[in-house]
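A.B. asks: no sequence on this one, just coordinates:
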Ligand code: F6R
């Protein structure tokens, strides 16, 4: 047995672990277990966060763990992926507002440890350089939560974005503006620009945790996980990451052909 243990590959030797769960609730709880595990092991975790519908269940479960189990965020530092340019933090469609409503106000994070790109920054290029530098000063992102766009984008890195890109201002594509228009009174109100971490910034995180649910994500998940690595599907770069977890529900996984795990906790991988 001892010899077998030596021969069995360990997680660190794998670049990507896909975890398929039966539904969104189970997916969110499994993902929250991973975040909580990392947080218990490193109370001053540097956590990268995403907005959008995909991580809502994860945030809900983390809030529950904080309230019921005393999961402690007091030493955690957070960095959000992106923010619209031109929306003040008080705007109900800003990502500042989203994070405050859906996570920050419910847990014991120190507000001084929260970083969300400043969409109202006067000098956006200087702000982006500062954001990159601040991530480094904090020791780098330990675990980055990600959603995926129907077109394969991660953060606001749309198809065609450089796979080595850093935090910068990006023009939103027509598709993304139409997708997001449902949250605004009209399409015209959807901001045209956003500040976003780059693909390279995201890839520097020590671990990635990508969440995807619903059939509408199945093509993007297929391309990201089993397709060629290409800037036309920015999420496909996660195949090159040293430790990426992809949590998908059955619907988002419906186009995958590989055999995948249903937990991230197993010690031995085939
Ligand atoms: C949000 C973000 C976006 C979303 C993606 C999926 O901070 O970076 O890339 O993760 O658009 O959005 P949802 O989860 O709403 O389907």
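C.D. replies: Thanks, I have it. A quick note: this is a predicted structure, and the numbers were derived from the prediction, not measured.
A.B. asks: ok, the residue in the stretch 1-150 of the chain positioned nearest to the ligand - contacts?
C.D. replies: Closest approach between the stretch 1-150 of the chain and the ligand, counting by C-beta to the nearest ligand atom: residue 147, at 2.4 Å. Where you see a C-beta, it was placed from the backbone N, CA and C, and this is true even at glycine. Residues near residue 147 by C-beta atoms under 8 Å, 6 or more residues apart in numbering: 50, 51, 52, 53, 54, 55, 154, 210, 211, 212.
A.B. asks: pretty sure the fourth one is in a helix, no?
C.D. replies: Think residue 53. No: Residue 53 sits outside any helix when classified using DSSP: H, G, I helix; E, B strand; the rest coil, being coil.
A.B. asks: I'd like the numbering to begin with 17 instead of 1 from here.
C.D. replies: Fine by me, first position is 17 from now on; the one you just mentioned is residue 69.
A.B. asks: quick one: pLDDT of it?
C.D. replies: The model reports residue 69 with a pLDDT of 96.
A.B. asks: Burial check on it, number of neighbours?
C.D. replies: By the criterion of other C-beta atoms under 10 Å, residue 69 has 11 neighbours.
A.B. asks: cool, the fifth one as well?
C.D. replies: The burial count assigned to residue 70 is 24, neighbours taken as other C-beta under 10 Å.
A.B. asks: which residue sits closest to it in space, ignoring its chain neighbours?
C.D. replies: Once flanking residues are discounted, residue 70 sits nearest to residue 163: 3.7 Å by C-beta to C-beta, 6 or more residues apart in numbering.
A.B. asks: Near the ligand, list only the ones from the contacts of residue 163.
C.D. replies: Among those, the residues lying close to the ligand (C-beta under 6 Å from any ligand atom) are 66, 67, 68, 69, 70, 170.
A.B. asks: Most widely separated two among the residues you listed?
C.D. replies: 69 and 170 (15.1 Å; C-beta to C-beta).
A.B. asks: hang on, the earlier thing: in CSV: the ones next to the ligand among the contacts of residue 163, plus distance to residue 178.
C.D. replies: Formatted as CSV, those follow (distance: C-beta to C-beta, whole Å):
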residue, distance to residue 178
66, 20
67, 22
68, 22
69, 27
70, 24
170, 13
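A.B. asks: Name the SS class of residue 150, please.
C.D. replies: Quick answer, by three-state DSSP: residue 150 is helix.
A.B. asks: Would you agree it is in contact with residue 131?
C.D. replies: Yes: if you go by C-beta atoms under 8 Å, residue 150 and residue 131 touch, sitting 6.3 Å apart.
A.B. asks: Surely residue 241 is within a helix?
C.D. replies: Yes: per three-state DSSP, residue 241 lies within a helix segment.
A.B. asks: Pretty sure it sits against residue 32.
C.D. replies: Yes: using C-beta under 8 Å, residue 241 makes contact with residue 32 at a distance of 7.2 Å.
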